[in-house]
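# Curious how this folds, go ahead:
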Amino acid sequence: MLDELSHIGRDPATNGYIRDAWSVSDLELREWFRGEAARRGLDLREDRNGNLWAWWGDPSRAPGVATGSHLDSVRQGGAYDGPLGVVSAFAALDVLKNRDFRPGRPLGVACFTDEEGARFGVPCVGSRLLTGVLTPERALALTDDDGDTLADVLTRAGRSPRALGRDDETLGHVAVFVELHVEQGRGLVDLGRPVGVASAIRPHGRWRFDFRGQANHAGTTRLEDRDDPMLPFARMVLAARESAAKHGIVATVGRTRVSPGNANAVPGLVSAWLDARGAREEDVRAAVAELGDLAEGARVSEESWTPVVDFDVTLRDRVAAVAGSEEEPSPVLPTGAGHDAGILASAGVPSAMLFVRNPTGVSHSPAEHAERADCEAGVVALASVLEDLCR
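Alright, predicted model coming up:
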């Protein structure tokens, strides 16, 4: 199944993937999901926010167990972040059917919309809308690099923007959610284990810094006459590294937008996006506040914030025991990466996560990788967990 997806949204120059939400590539991936659901005789449903659910059994009669992930990607991302979880979900159902297992409660595969936030800047849009964390008004006003709003994009895709919002009917179908994901780090490599279980998602957020100056000619404007917003921006980037080290967090400026963007012009506006994450919320907040004070008149706005998510301990330990063995449960470790499972857990849906070893530790890059044997171990572990939860 991963091979079937390998050409969709792939950049031949870099081997990275560009799968923005509601793009041509994303729509093709959604059709692939529909085809896999149909091939297995699953009941496909699309909720009011565009998230796809393929059910084995009727969750309207009794809440079920759901698994899955997302199919969109960061720009120039890898092949495993998201798709591995969706593919493994379908494969785990195949394993269970080959065991002649009949679930005692409905079992579903989910594909969440716009988990990465690559196009509109806010991550986990589908699950945030589903749970009501993100309001429809704010979501529909989000814009992409071309200035198109999410409302515009949905309309062109033949969907009604007015449908967006918290979906209690869909949430009521899910008694428990388990997401499998490639590990985004080296925890399992260092432990020498192919599969792990998440203990928590560390708090993280995104902030936009707008530095305003005066656009002017690069060749005729004296240095002393310039109001160049690139200078305070550059100082902010350096300060972000220093502040992160001081507060024991990680901070990254990974996206900028310069206007007018001419090589022979002093910029009039520099916009930069800061991603900050850490083990403790107060450390992340302190570092961002410190940067705001140092940003020399910049307008700072918070675009997203996810507080710490501690996964349910009883469910976590149950999953670790089933995914491993009685003698040696799967290792439990935290992650600094955000996931739809974390959004659902914060909204009160019992949730857990399985991680598959990433031998390079690299993610959000074409170098992201997982060995076939580890992926298969992840599928077997997920199947065992689903079987246990569906009894």
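
# can we go C-alpha only for contacts and neighbour counts from here?
Fine.

# residues in contact with residue 323?
Contact partners of residue 323, counting by C-alpha atoms under 8 Å, 6 or more residues apart in numbering, are 195, 329-330, 381-382, 384-385.

# Please enumerate the helices of the chain.
Along the chain, the stretches classed as helices by DSSP state H are 2-5, 24-39, 83-98, 125-131, 136-141, 150-156, 168-171, 187-191, 230-247, 281-294, 313-323, 340-346, 372-389.

# any chance of the contacts of residue 323 in CSV, plus pLDDT and neighbour count?
Putting the contacts of residue 323 into CSV (pLDDT from 0 to 100; neighbours: other C-alpha atoms under 10 Å) gives the following:
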residue, pLDDT, neighbour count
195, 98, 30
329, 95, 18
330, 97, 24
381, 98, 24
382, 98, 29
384, 98, 19
385, 98, 21
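
# just to revisit the earlier point, looking at the helices of the chain, which is buried most?
helix 125-131 (a mean of 26; mean count of other C-alpha atoms under 10 Å).

# contact partners of that helix?
Residues outside helix 125-131 that contact it (C-alpha under 8 Å, 6+ apart): 48-51, 112-115, 117, 134-136, 139, 164-168, 171, 340, 343-344, 347.

# one more time with 7 Å
49-51, 112-115, 117, 134-136, 165-167, 340, 343, 347 (C-alpha atoms under 7 Å, 6 or more residues apart in numbering).

# before we move on, what about stretch 132-149?
Contacts for stretch 132-149 (C-alpha under 7 Å, 6+ apart): 119-120, 128-129, 150-151, 164-166.

# Kindly recompute the last result at 10 Å.
Applying C-alpha atoms under 10 Å, 6 or more residues apart in numbering, the contact partners of stretch 132-149 are 49, 118-122, 124-130, 150-155, 161-168, 257, 304, 306, 343-344, 346-347.

# Now residue 114. Nearest residue, chain neighbours left out?
residue 21 (5.1 Å; C-alpha to C-alpha, 6 or more residues apart in numbering).

# need the contact list for that neighbour.
Counted by C-alpha under 10 Å, 6+ apart, residue 21 has contacts 27, 71-74, 113-120, 125, 150, 153.

# Swap in 7 Å and give it another go.
Here residue 21 is in contact with 72, 113-114, 119 (C-alpha under 7 Å, 6+ apart).

# got it, and residue 203?
277-281, 306-308.

# in the stretch 51-200 of the chain, which spans are strands?
52-56, 64-70, 107-112, 174-182, 195-201 (DSSP state E, counting those that start in this stretch).

# Generate CSV for those, with distance to residue 91 as supplementary columns.
Output for the strands of the stretch 51-200 of the chain, formatted as CSV (distance: least, C-alpha to C-alpha, whole Å):
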stretch, distance to residue 91
strand 52-56, 13
strand 64-70, 11
strand 107-112, 10
strand 174-182, 12
strand 195-201, 16
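
# Surely residue 44 is in contact with residue 56?
No: applying C-alpha atoms under 7 Å, one finds residue 44 not in contact with residue 56, separated by 9.3 Å.

# And the residue lying closest to residue 388 once chain neighbours are set aside, what's its pLDDT?
Leaving out its chain neighbours, the residue that sits closest to residue 388 by C-alpha to C-alpha, 6+ apart is residue 322, at 7.6 Å. At residue 322, the model reports a pLDDT of 97.

# could we number from 3 for the rest of this?
Got it, the first residue is 3 from now on, which makes the last one we talked about residue 324.

# Hmm, residue 324 is touching residue 386, no?
Yes: contact criterion C-alpha under 7 Å: residue 324 and residue 386 qualify, at 6.5 Å.

# Hmm, residue 51 is touching residue 163, no?
No: at 8.8 Å, residue 51 does not count as touching residue 163 under the criterion of C-alpha under 7 Å.

# Quick check on these two: which one has the bigger neighbour count.
Neighbours per residue, other C-alpha atoms under 10 Å: of residue 51 and residue 163, the larger number sits with residue 51, 24 against 19.

# if I pick the more buried one, what's in contact with it?
Contacts of residue 51 by C-alpha under 7 Å, 6+ apart are 128, 131-132, 165-167.

# Report the buried residues of stretch 218-235.
Neighbour counts over stretch 218-235 (16 or more other C-alpha atoms under 10 Å) mark 218, 228-232, 234-235 as buried.

# Identify, from the residues you listed, the entry nearest to residue 80.
Nearest to residue 80, judged by C-alpha to C-alpha, of the buried residues of stretch 218-235 is residue 235 at 29.3 Å.
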